[in-house]
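**Q** Provided below for reference: sequence and predicted model.
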Amino acid sequence: MTAGHRITVEQGTEHVRVTHGGVVLAESRRPLLLRETGLPVRYYLPPEDVRTDLLTPSDRRTHCPFKGYASYWSVPEAADLVWAYLDPKPEVAAVKGHFCFYDTEVVAAG
């Protein structure tokens, strides 16, 4: 990593939910929290907590010099809504195969 750039991954206990068009795409109480310098906290959700049956693989791939190559999935009306690192760099190996969405709601404890 370059000087001043940090990435940490930790197990979270937040209750997070992802909805799109009124449909729950994911809900988890065991997200991984990825904190990266200059970016908002991202919640990486285990595949068991994601409605992967509603996701369509995309041709899009991006590269992050710190995390590796990301693959993307879409839902109707929302292209490339979710991504995952299928073979991440060793420093962030914990997020392998976990899904991250652009808009993740943290559900307040009731």
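**A** Good, I have the coordinates.
**Q** tell me which helix or strand of the chain sits lowest on mean pLDDT?
**A** strand 105-106 (a mean of 81; mean pLDDT, DSSP states H and E).
**Q** I'd like the mean pLDDT over stretch 23-38, please.
**A** Average pLDDT, stretch 23-38: 95.
**Q** what residues sit buried inside that stretch?
**A** 25-28, 31-34, 36 (16 or more other C-beta atoms under 10 Å). Where you see a C-beta, it was placed from the backbone N, CA and C, and this is true even at glycine.
**Q** partner strands of the least confident helix or strand of the chain, with direction?
**A** strand 16-20 (antiparallel) (DSSP bridges).
**Q** okay but R51 is in contact with H20, surely?
**A** No: R51 lies out of contact with H20 (C-beta atoms under 8 Å); the separation is 10.2 Å.
**Q** more neighbours: those two, which one.
**A** A count of neighbours by other C-beta atoms under 10 Å puts H20 above the other of R51 and H20, at 18 against 14.
**Q** for the more buried one, what are its contacts?
**A** Taking C-beta atoms under 8 Å, 6 or more residues apart in numbering, we find H20 in contact with 75, 77-78, 81, 103.
**Q** ok, now how distant is it from L55?
**A** Counting by C-beta to C-beta, to the nearest Å, the gap from H20 to L55 is 11 Å.
**Q** touching both of those two, which residues are there?
**A** Joint contacts of H20 and L55 (C-beta under 8 Å, 6+ apart) are V75.
**Q** ok, back up a step: of the buried residues of stretch 23-38, which is the nearest to Y85?
**A** L34 (9.8 Å; C-beta to C-beta).
**Q** contacts for the helix or strand where W73 lies, please.
**A** Following DSSP states H and E, one finds W73 within strand 68-75. Under the contact criterion C-beta under 8 Å, 6+ apart, strand 68-75 has outside partners 20-21, 25, 52, 54-58, 60-64, 80-89, 92, 99.
**Q** can you flag which of those belong to strands?
**A** Counted as lying in strands by DSSP state E, out of those, are 20, 25, 56-58, 60-64, 80-84, 99.
**Q** endpoint to endpoint, stretch 4-12 covers what distance?
**A** One end of stretch 4-12 sits 24 Å from the other (C-alpha to C-alpha, to the nearest Å).
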